[in-house]
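Asks: Make a model of this:
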Amino acid sequence: MSQVLSTELVQPVLFEERTAENGKRIGFATLNVEKTLNSISLEMVDLLDPQLRKWASDPEIAIVVLQAAGEKAFCAGGDLQDLYRTMLEQHAKGDPENIQANPYASDFFEREYRLDYLIHTFPKPILAWGHGIVMGGGIGLMAGASHRVVTEKSRLAMPEITIGLYPDVGGTWFLNRMPGHTGLFLALTGASIGAADAIFVGLADIQIAQASKQAVLDALLTQPWTGDEDGVLLTRVLQGHASQAFAPSTPVSTPLITHFALINQLCSQATLPEIVDGILGLDTDDVWLQKAVAILRAGCPGSLALIYKLLQRGRHLSLAEIFRLEYIVTLHFAARSDFSEGVRALIIEKDRQPKWLHAGLADVSREWVNEFFNGPWSEKGQSAHPLSDLI
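Replies: Now for the predicted structure:
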């Protein structure tokens, strides 16, 4: 038995509740914009946030399933059309230091980060089914879920360096917690990874064949949900459908696992220029490494410097502190030219010829980087920050 909360196909997120055999309900949230690969928009955020909060406080809701329509993507990132327009308007005013001059950017990132933080701290199990493309803002939605499924078609990446941004949506948190220096490498190169590597770096928990999805969802309706051990029940259901190809006893050869020692060697150098030179100097026939090198070579120099600095600064911060820090840094990106130029070159006009502010990493000054960490709320005290209530 199910109760459909939103059935109009034009809705960017569909909500449904299904009743399990013991009377408890399961909430389903389905990203529903296939034509944009379910890229997350402000409208989607504003639909998801209140519904998740409602389910969190409803004692009859046992777990939540976060999924997406279509077979191509869970979520390919952020829907940047409106953001691009407002960034151009802000740039036309000639006030790059005023990070509060773009109300749309302020609202978009505050609400998106609140939603991501809510998922990280949700009081009930959330099953995120990360089939297909999962990039940028899609990883922001998935990373904080308690149970994260990837499939044989999952491709995960944080390629923000290609659009003059950096891995936000909590990236400073989860990249720092990846094994060795894999987080730094993935951030600098925007390299994509599959299911096994996603599990290896902690972005996913289990691999299940997409063909088994309906069987998993059916099994959820037969569980004796109680509210006490619901996370355990969900784990057992998922384990019962895990792909045999990625059983714990099966040796796995994947790009990150295969090149783990090399990545650690390259990214353990003392300075960022040494790290970048080492990666760019790779002489390899490996296609995955070649793509990573190519992305880094074409990426935004300013983003490189900010990624490195952010991961250093965020190493010992709490999740809430990281979202507050990223909010300030992201608004600085929105107020300056690299981000909008990257969006223009890769998403709007698609000429793939961005004209970055800096010709190379050597041209990015320490002073320029440090400006990104200055927010208008610093002098007013931490309680003035728009995300001050995150704890």
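
Asks: going forward, measure contacts and count neighbours with C-alpha atoms only.
Replies: OK.

Asks: Let me see the contact set for the closest residue to residue 186 other than its chain neighbours.
Replies: Leaving aside its chain neighbours, residue 186 sits nearest to residue 158 (7.2 Å; criterion: CA to CA, 6 or more residues apart in numbering). Residue 158 makes contacts with 135, 136, 139, 167, 186, 187, 190, 191, 192, as judged by CA atoms under 8 Å, 6 or more residues apart in numbering.

Asks: Residue 122 too?
Replies: If a contact means CA under 8 Å, 6+ apart, then residue 122 has 56, 145 as its contacts.

Asks: same deal with residue 202?
Replies: With CA under 8 Å, 6+ apart as the criterion, the residues that contact residue 202 are 174, 177, 178.

Asks: Let's see that with 10 Å instead.
Replies: Residues counted as contacts of residue 202 (CA atoms under 10 Å, 6 or more residues apart in numbering) are 143, 148, 174, 175, 177, 178, 179.

Asks: Show the residue spans covered by the helices in the stretch 201-350 of the chain.
Replies: Counting by DSSP state H, counting those that start in this stretch, the stretch 201-350 of the chain has these helices, from start to end: 213-220, 230-239, 255-258, 260-267, 272-280, 287-298, 301-313, 319-335, 337-343.

Asks: Specify the stretch among those helices that is closest to residue 199.
Replies: Residue 199 sits nearest to helix 255-258 of all those, at 10.8 Å, using CA to CA.

Asks: Would you map the strands across this protein?
Replies: With DSSP state E, the ranges of strands along the chain come out as 2-4, 13-19, 25-31, 61-68, 73-75, 126-130, 133-135, 147-150, 155-157, 206-207.

Asks: if we compare those strands, which one ends up closest to residue 299?
Replies: When the strands of the chain are compared (using CA to CA), the closest one is strand 155-157, at 14.4 Å.

Asks: which of the residues in that closest one are buried?
Replies: Residues 155, 156, 157 are the ones in strand 155-157 that count as buried (16 or more other CA atoms under 10 Å).

Asks: packing partners for it?
Replies: In this structure, strand 155-157 packs against strand 73-75, strand 133-135, helix 137-143, helix 182-189, helix 195-200, with contacts taken as 3 or more CA pairs under 10 Å, 6 or more residues apart in numbering; DSSP states H and E.

Asks: Quick check: which of these is buried the most?
Replies: Between the helices and strands packed on strand 155-157, the one whose residues have the most neighbours on average, counting mean count of other CA atoms under 10 Å, is strand 73-75 (a mean of 31).

Asks: Identify the residues contacting that strand?
Replies: Around strand 73-75, the neighbours that count as contacts under CA under 10 Å, 6+ apart are 30-34, 36-40, 66-69, 128-142, 153-156.

Asks: follow-up on the earlier one: out of the helices of the stretch 201-350 of the chain, flag the one nearest residue 45.
Replies: With CA to CA as the criterion, residue 45 lies closest to helix 319-335 of the helices of the stretch 201-350 of the chain, at 16.0 Å.

Asks: how distant is the closest one from the center of its chain?
Replies: With CA atoms, centre = their mean, to the nearest Å as the basis, the distance from the averaged C-alpha position of helix 319-335 to the chain average is 14 Å.

Asks: Also compute the angle for it relative to helix 301-313, please.
Replies: 160 degrees (axes from the mean of the first three to the mean of the last three CA atoms, to 10 degrees).

Asks: rewinding a little: want to try JSON lines for the strands of the chain, with distance to residue 81 as columns?
Replies: As requested, the strands of the chain are exported to JSON lines (distance: least, CA to CA, whole Å):
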{"stretch": "strand 2-4", "distance to residue 81": "30"}
{"stretch": "strand 13-19", "distance to residue 81": "18"}
{"stretch": "strand 25-31", "distance to residue 81": "18"}
{"stretch": "strand 61-68", "distance to residue 81": "21"}
{"stretch": "strand 73-75", "distance to residue 81": "16"}
{"stretch": "strand 126-130", "distance to residue 81": "24"}
{"stretch": "strand 133-135", "distance to residue 81": "17"}
{"stretch": "strand 147-150", "distance to residue 81": "28"}
{"stretch": "strand 155-157", "distance to residue 81": "20"}
{"stretch": "strand 206-207", "distance to residue 81": "33"}
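
Asks: Let me have these in CSV, extended by mean pLDDT.
Replies: Formatted as CSV, the strands of the chain follow (pLDDT from 0 to 100):
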stretch, mean pLDDT
strand 2-4, 50
strand 13-19, 98
strand 25-31, 98
strand 61-68, 98
strand 73-75, 98
strand 126-130, 98
strand 133-135, 98
strand 147-150, 98
strand 155-157, 98
strand 206-207, 97
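
Asks: With respect to burial, which of those scores highest?
Replies: Between the strands of the chain, the one whose residues have the most neighbours on average, counting mean count of other CA under 10 Å, is strand 73-75 (a mean of 31).
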